[in-house]
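Trainee: structure for the following, please:
(one chain, ligands or ions: 1)
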Amino acid sequence: MHLRDTPQEAAFRRDLRAWLAEQVPRHRDGGAPGDWTKALHAAGYTGLTWPAAYGGRGLPPTYQGIYAEESALAEAPDHSNVIGLGMVGPTIVSHGSPEQQQRFLEPILSGAYVFCQGFSEPDAGSDLAAVRTRATATADGWRVTGEKVWSSYAHQADWCLLLARTQPDSTAHTGLTCLLVDMRSPGVQVLPLRQSTGDADFNQIVLDDVLVPRDCVLGPVGEGWRIAMTTLAHERGTFGITLTARLTVEFDRLLRTVRDLGLADDPTVRAELAELHVQLQALRWTGHRTMATLARTGKPGPESSVLKLHWSVTNQRLAAFALRLLGPAAVLDGPDSHAAGHWQHLRLRSRANSIEGGTSEILRGIIAERVLGLPRTR
Ligand SMILES: Cc1cc2nc3c(=O)[nH]c(=O)nc-3n(C[C@H](O)[C@H](O)[C@H](O)COP(=O)(O)OP(=O)(O)OC[C@H]3O[C@@H](n4cnc5c(N)ncnc54)[C@H](O)[C@@H]3O)c2cc1C
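Mentor: I've put the predicted structure just below:
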C-alpha cells in the first residue's frame with residue numbers, strides 16, 4: 001500500500017485542484033442543469049479509468065480515488081449520471097456487445113444518457129436473488145412486467161439497468177438476465193418516493209408489459225446474476241474515498257458550529273470531537289487499504305464492507321451530535337436556522353446510510369465471514 005502520491009499522481013492532483021478551485025464556485029451557485037457535467041467531460045475528468053477506446057483515459061484506479069477525494073473536498077457537484085458513470089458504464093465495458101459499447105458509453109460519459117439501477121424490489125433487497133420482475137420472450141426480444149423500488153435517479157433517467165427473471169421456473173441466482181430498458185418505453189411508470197428530508201431522490205418503477213428489444217440484453221441470457229455482481233462491485237470501487245472526504249468536510253463544518261456556539265472549551269464537546277476525529281482517521285486509512293486492493297486485484301475486497309459500515313455509523317453519530325449541540329434550536333429548520341438547516345437535513349438523510357448500498361446487518365455478516373473467517377450462518 002502506498003500512502004503518498006507518485007510524481008505523476010501528485011501532478012494530476014495539483015492540476016485537478018487548481019481546476020476545481022476555478023470551476024466549482026462558478027457552477028455551484030448557478031448555471032443550467034448539466035453544465036457541470038459538460039465542463040467535467042470537456043476537461044477530461046469523466047471515465048478516468050475507462051479504456052481510451054471507449055472515451056476514457058485508461059488511468060489506474062488511484063487516479064479515480066484522487067478525483068473522488070479532491071472533488072468531495074472541493075464540494076463539487078456530482079456528474080449528472082452518477083450510476084451510469086460509476087456502475088452501468090463499467091458493466092457495459094466488461095459485458096456489453098461492441099454495438100452496445102458504441103451506443104451507450106460515450107453518451108454516459110457526456111451525460112447525454114442518464115442511467116438508473118433497477119435491482120431492488122419490494123421483496124428483494126438484501127436478498128437480491130429473490131427478484132420476481134419477469135421477462136417473457138417475444139419474437140423480437142422480451143416483454144417485462146414487475147415492480148422495482150428505491151431506484152435512485154429514475155425520475156431523471158433515460159435508461160435503466162434492470163435485473164429480471166427470464167426463466168419462469170428458476171429460483172435464486174439462476175435464470176436472471178440484465179436488460180437495458182429505455183425509460184420512455186410504453187408501460188414504464190416512475191413514481192417518486194418522498195423521504196423524511198422532504199426530498200424525493202428515489203422512486204418506484206412499475207413495468208407493465210414493457211417491450212425490450214433483443215439488442216438491449218446485456219450479457220448472456222440467464223447470466224444476469226454475474227453481470228449484476230459486476231455492477232455492484234463497481235459501486236464499492238472508490239466510494240470509500242468519496243465518503244471519507246465528504247465526512248472530512250462535515251467534520252470541518254462541525255468545528256465551525258462548535259466555535260459559533262462558543263463550545264470550543266467544553267471538555268465533553270472536545271472529547272466527542274476527538275473521538276470523531278479518530279474515527280475519521282481510521283476510515284481514511286481503511287480507504288487507502290481498499291484502494292490498494294483495488295489497484296492490485298481490480299476488485300475492492302471485503303475491507304470495503306468495513307469502510308461502508310464504519311462510515312455510516314460515524315456519519316450518523318456526527319449528525320446526531322451536531323443537533324445535540326444546537327439544543328432547543330435544533331427543532332428550527334429552514335433558511336433562518338443555524339447553518340440554514342444543514343444539520344437537520346443531514347440528520348434525517350443519514351438515517352438511510354445504514355440501508356443504502358448494503359444494510360449494516362448484511363455488512364456485519366460479510367465482515368464476520370469474509371474478513372474474520374467466522375463460520376457461515378447459512
Ligand atoms: C438512499 C437509498 C438509495 C437506494 N438506491 C437504490 C438504487 O438506485 N437501485 C436499487 O436497486 N436499490 C436501491 N436502494 C435499495 C437498497 O439496496 C436496499 O434498500 C437494501 O439492499 C436493503 O433492502 P430492503 O430495503 O429490501 O431491506 P430488507 O432486505 O428487507 O431488510 C430489512 C431488514 O432486515 C435485515 N436483514 C435482511 N436480511 C438479513 C440477513 N441475512 N441477516 C441479517 N439481517 C438481515 C436488514 O439489514 C434490514 O434491517 C437504495 C436504498 C436507499 C436507502
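Trainee: name the SS class of His234, please.
Mentor: Judged by DSSP: H, G, I helix; E, B strand; the rest coil, the three-state class of His234 is helix.
Trainee: what's the burial count for it?
Mentor: Neighbour count for His234, taken as other CB atoms under 10 Å: 23. C-beta coordinates here come from the backbone N, C-alpha and C atoms, glycine included.
Trainee: surely it touches Pro90?
Mentor: Yes: at 4.6 Å, His234 counts as touching Pro90 under the criterion of CB atoms under 8 Å.
Trainee: quick check: the residue of the stretch 201-350 of the chain nearest the ligand.
Mentor: Using CB to the nearest ligand atom, the single residue of the stretch 201-350 of the chain nearest to the ligand is Phe202, 5.1 Å away.
Trainee: quick one: neighbours of that residue, just the number.
Mentor: 20.
Trainee: same question, Val149
Mentor: Val149, neighbours per other CB under 10 Å, totals 20.
Trainee: wait, a strand at it?
Mentor: Yes: according to three-state DSSP, the state of Val149 is that of a strand.
Trainee: which residue is the nearest non-sequential neighbour of it?
Mentor: Gln204 (5.1 Å; CB to CB, 6 or more residues apart in numbering).
Trainee: where's the one you found, which helix or strand?
Mentor: strand 202-213 (DSSP states H and E).
Trainee: now for the residue nearest to Val149, how many residues are close by?
Mentor: 17.
Trainee: surely it touches Gly146?
Mentor: No: look at Gln204 against Gly146 with CB under 8 Å: they stay out of range, at 11.2 Å.
Trainee: which residue ranges of the stretch 151-300 of the chain form helices?
Mentor: 224-236, 239-260, 267-297 (DSSP state H, counting those that start in this stretch).
Trainee: please point out which parts of whichever helix or strand comes after the last one sit buried.
Mentor: Counting by DSSP H and E, the element after helix 267-297 in chain order, helix or strand, is helix 303-326. Judged by neighbour count (16 or more other CB atoms under 10 Å), helix 303-326 contains these buried residues: 303-312, 314-316, 318-319, 321-323, 325-326.
Trainee: again with stretch 334-348
Mentor: 337-339, 343-348.
Trainee: now secondary structure and distance to Ile227 too, for those, in JSON lines please.
Mentor: Listed next are these as JSON lines, based on DSSP: H, G, I helix; E, B strand; the rest coil; distance: CB to CB, whole Å:
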{"residue": "Ser337", "secondary structure": "coil", "distance to Ile227": "46"}
{"residue": "His338", "secondary structure": "helix", "distance to Ile227": "47"}
{"residue": "Ala339", "secondary structure": "helix", "distance to Ile227": "43"}
{"residue": "Trp343", "secondary structure": "helix", "distance to Ile227": "40"}
{"residue": "Gln344", "secondary structure": "helix", "distance to Ile227": "40"}
{"residue": "His345", "secondary structure": "helix", "distance to Ile227": "36"}
{"residue": "Leu346", "secondary structure": "helix", "distance to Ile227": "35"}
{"residue": "Arg347", "secondary structure": "helix", "distance to Ile227": "37"}
{"residue": "Leu348", "secondary structure": "helix", "distance to Ile227": "34"}
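Trainee: out of the residues you listed, which comes closest to Ala10?
Mentor: Among those, Leu346 lies closest to Ala10 (CB to CB), at 32.4 Å.
Trainee: so where's the stretch 1-150 of the chain uncertain?
Mentor: 29-30 (pLDDT under 70).
Trainee: mind doing that once more with 90?
Mentor: 1-4, 25-34, 61-62, 65 (pLDDT under 90).
Trainee: show me where it has its helices.
Mentor: 7-28, 35-42, 61-73, 82-83, 89-95, 98-110.
Trainee: can I get those helices in TSV with mean neighbour count and distance to the ligand?
Mentor: Shown next, in TSV, are these (neighbours: other CB atoms under 10 Å; distance: least, CB to the nearest ligand atom, whole Å):
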stretch	mean neighbour count	distance to the ligand
helix 7-28	14	23
helix 35-42	18	19
helix 61-73	22	18
helix 82-83	20	6
helix 89-95	23	14
helix 98-110	18	16
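Trainee: quick check: which of those is nearest to Arg165?
Mentor: Using CB to CB, the helices of the stretch 1-150 of the chain put helix 89-95 closest to Arg165, at 18.5 Å.
Trainee: the closest one - contacts with which helices or strands?
Mentor: helix 98-110, strand 217-218, helix 224-236 (3 or more CB pairs under 8 Å, 6 or more residues apart in numbering; DSSP states H and E).
Trainee: how about 10 Å then?
Mentor: Counting by 3 or more CB pairs under 10 Å, 6 or more residues apart in numbering; DSSP states H and E, the packing neighbours recorded for helix 89-95 are helix 98-110, strand 115-118, strand 176-182, strand 217-218, helix 224-236.
Trainee: point to the residue nearest the middle of this structure.
Mentor: Nearest residue to the geometric centre of the chain (CA atoms, centre = their mean): Glu235, 5.8 Å.
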